[in-house]
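Asks: I'd like to go over a predicted model; first the sequence, then the structure.
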There are 2 protein chains.
Amino acid sequence: MLDKIRIVMVNTTHSGNIGAAARAMKNMGLSRLVLVDPIASIDEDAIQRSSRAEDILHNAVIVPTLEEAIADCGLVIGTSARSRHIPWPLMSPRQSAAKAAEMIPAGNEVALVFGRESRGLTNEELHLCTAHVHIPTEENFSSLNVAQAIQVLCYEMRLALVTDDFRAQAEQEDEAGAWGVPWDYPLATQGELDGLFRHMETVLIDIGFLDPDTPKQLMSRMRRLYQRAAPDKTEVNILRGILAAVQRQGADGHKTQGDSE
Amino acid sequence: MLDKIRIVMVNTTHSGNIGAAARAMKNMGLSRLVLVDPIASIDEDAIQRSSRAEDILHNAVIVPTLEEAIADCGLVIGTSARSRHIPWPLMSPRQSAAKAAEMIPAGNEVALVFGRESRGLTNEELHLCTAHVHIPTEENFSSLNVAQAIQVLCYEMRLALVTDDFRAQAEQEDEAGAWGVPWDYPLATQGELDGLFRHMETVLIDIGFLDPDTPKQLMSRMRRLYQRAAPDKTEVNILRGILAAVQRQGADGHKTQGDSE
């Protein structure tokens, strides 16, 4: 679906921004770059800033007018500062991505249009767009670098359109599934956890930390702490190993102090 | 709330990236930049790329170690590529923002940690983090420019913390609802957790459970276990009290065995 989206840069002044845009696009899985009457050329700085996204630069289409760049598109989203003279459908980046996700399966081509570094898109250019998108910013520092704006929009497009992505998976799975890679050991059973807590209670009494006459608050806190970490079997074994080592140390001490065994 | 979030850049090589990061931060309303042992300096290139975000560069804090940069933080989110050796809590950018939105009102400082341009964060650095965040990317072109990664994370932080974007809020409520009621004590800071782990390591060596010649795997597992529970200050105090009680027991044992004091 991302191959139905083109990034359109109008009158770009700095070649480094074209390169950075190409890299941001490729990171997010987009590949189609259209340059409208660019002032900068695709030079060494562009290639360097693109990292290894040179293919996008080599395949970039250069056209003289915005009309030509968007002629075959069913959805044209122009980036815009918030205040405009006339009202126009204004979307958040997330809403624009949802719109693209709705319209691409219906056979539409989508353009995301980005203006000049100095002053964005003109009113005439914005009027060629189906909708406007505004990236939320600080009121008094609202001008994003154009490649950064492209990064944010492409990021939202990827989230909305690449549904088998890790993120989609992670958010679909419950909390326990979101570790990036499968957990390396099976989780401890409730019985194993109960064994751990009984062992812990014994040791805490042995070392004089837990007063058996007022035990409840402490063990309840310990249960809450360990249970919310959802320990695996190996971790429970390690913790019980530590408890056993503490007991051996205590036994050594007591033996030297003259206990019967 | 955004003033509780610091952006931490580790060993940054290119000054232009520091400048671009400052601009991205200021666009999104963040202001606190921490540079850990930077290779680049804040030079003309940094100032130019910051656009008019020079104030952030001038106020940037430079520290020698990551530990120092995050010592007072209750939530430390490290940026990470997908595959790691051991699983660790891995969030999407949106989930990490929801987590920050949950924890900042409870009095926590938050750090977002970004690694080197060439190879990101080391495993050791990632193990100092409470959670890892992965920006979804193309499988075969997954390395975002560091300032672009900062842009995406700051954008999600702004959506979660400043605007009333309903989807962000809905997801935030899901996250916050996981415990049913607000947590009763503030979370331990990263510095307090470091103190806990150092104390734990000492005790584990003392009781003969940890072999100092092959220490890494065990303490890494302990860090992972406790950090994913996100202990509060009271819990850390209890754990340190237990460790101190074990040490007293050991000292008693040794004394009886004829040590000099």
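Replies: Sure, I can see it. From a predicted model like this one, the values you see are computed outputs, not experimental measurements.

Asks: list of residues touching the helix or strand harbouring A:Gly250?
Replies: In the assignment (DSSP states H and E), A:Gly250 maps to helix A:233-256. The contact list for helix A:233-256 (CB atoms under 8 Å, 6 or more residues apart in numbering or on different chains) reads A:184-188, A:192-193, A:195-196, A:199-200, A:203, A:206-207, A:226, A:229, A:231, A:261, B:204, B:207-209, B:218, B:221-222, B:225, B:246, B:249-250, B:252-254, B:256-257. (Glycine included, C-beta is placed from N, CA and C.)

Asks: give me the neighbour count for A:Glu54.
Replies: 17 (other CB atoms under 10 Å in any protein chain shown).

Asks: from A:Gln48, how far out is it?
Replies: 10 Å (CB to CB, to the nearest Å).

Asks: is it fair to say A:Leu153 lies in a helix?
Replies: Yes: checked against DSSP: H, G, I helix; E, B strand; the rest coil, A:Leu153 lies within a helix.

Asks: wait, isn't it in contact with A:Val133?
Replies: Yes: using CB atoms under 8 Å, A:Leu153 and A:Val133 qualify as a contacting pair, with a distance of 6.9 Å.

Asks: list residues touching both of the two?
Replies: With CB under 8 Å, 6+ apart as the test, A:Leu153 and A:Val133 both reach A:77, A:79, A:93, A:96, A:112.

Asks: just send those back as TSV, with neighbour count and distance to chain B too.
Replies: Listed next are those as TSV, based on neighbours: other CB atoms under 10 Å in any protein chain shown; distance: CB to the nearest CB, whole Å:
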residue	neighbour count	distance to chain B
A:Ile77	28	17
A:Thr79	26	13
A:Pro93	26	8
A:Ser96	26	13
A:Leu112	28	16
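
Asks: pLDDT value on A:Gly253, please?
Replies: Here, the pLDDT recorded for A:Gly253 equals 60.

Asks: can you pull out the helices in the stretch 101-250 of chain A?
Replies: Per DSSP state H, counting those that start in this stretch, the stretch 101-250 of chain A carries helices over the ranges A:123-127, A:146-161, A:166-172, A:190-206, A:216-229, A:233-256.

Asks: and those, which is most packed in?
Replies: helix A:146-161 (a mean of 25; mean count of other CB atoms under 10 Å in any protein chain shown).

Asks: list the helices and strands that helix packs on?
Replies: The helices and strands touching helix A:146-161, judged by 3 or more CB pairs under 8 Å, 6 or more residues apart in numbering or on different chains; DSSP states H and E, are strand A:5-10, helix A:15-28, strand A:75-79, helix A:93-103, strand A:110-114, helix B:15-28, helix B:146-161.

Asks: parallel or antiparallel, list what pairs with the first one.
Replies: Just to be clear, that refers to strand A:5-10. Strand A:5-10 has the following strand partners under DSSP bridges: strand A:32-36 (parallel), strand A:110-114 (parallel).

Asks: just those strands: most buried one?
Replies: strand A:110-114 comes out most buried of those by mean count of other CB under 10 Å, with a mean of 26.

Asks: any idea how far it is from the chain center?
Replies: Distance of strand A:110-114 from its chain centroid, counting by CA atoms, centre = their mean, to the nearest Å, is 22 Å.

Asks: report the angle between it and helix A:93-103.
Replies: 150 degrees (axes from the mean of the first three to the mean of the last three CA atoms, to 10 degrees).

Asks: quick one: mean pLDDT for strand A:110-114?
Replies: Strand A:110-114 shows a mean pLDDT of 97.

Asks: how about the residues of the stretch 1-150 of chain A by chain B?
Replies: Contacts of the stretch 1-150 of chain A with chain B, taken as CB under 8 Å from any CB of the partner chain, map to A:20, A:23-24, A:26-29, A:51-53, A:92-94, A:135-138, A:141-145, A:147-148.

Asks: do you know the pLDDT at the closest residue to A:Leu187 other than its chain neighbours?
Replies: Distances taken as CB to CB, 6 or more residues apart in numbering or on different chains put A:Asp232 closest to A:Leu187, at 5.2 Å, once the chain neighbours are dropped. Predicted confidence (pLDDT) for A:Asp232: 85.

Asks: what's the neighbour count on A:Asp232?
Replies: Neighbours of A:Asp232 using other CB under 10 Å come to 19.

Asks: surely it and A:Glu192 touch.
Replies: No: A:Asp232 is beyond contact range of A:Glu192, at 9.8 Å (criterion: CB under 8 Å).

Asks: and the residue nearest to A:Leu187, how far is that from B:Met222?
Replies: For A:Asp232, the distance to B:Met222 - CB to CB - is 13 Å.

Asks: surely A:Ile62 is in a helix?
Replies: No: checked against three-state DSSP, A:Ile62 lies outside a helix; its state is strand.

Asks: pLDDT value on it, please?
Replies: With respect to pLDDT, A:Ile62 scores 98.

Asks: next one: A:Asp259
Replies: 44.

Asks: next: A:Leu161.
Replies: With respect to pLDDT, A:Leu161 has a value of 93.

Asks: residue ranges with poor pLDDT in the stretch 101-250 of chain A?
Replies: Applying pLDDT under 70 to the stretch 101-250 of chain A picks out residues A:163-184, A:216.

Asks: so A:Asp3 touches A:Ser31, yeah?
Replies: Yes: between A:Asp3 and A:Ser31 there is a contact under CB under 8 Å: 6.5 Å.

Asks: for the two, indicate the residue with more neighbours.
Replies: With neighbours defined as other CB under 10 Å, A:Asp3 and A:Ser31 compare such that A:Ser31 has more, 18 against 11.
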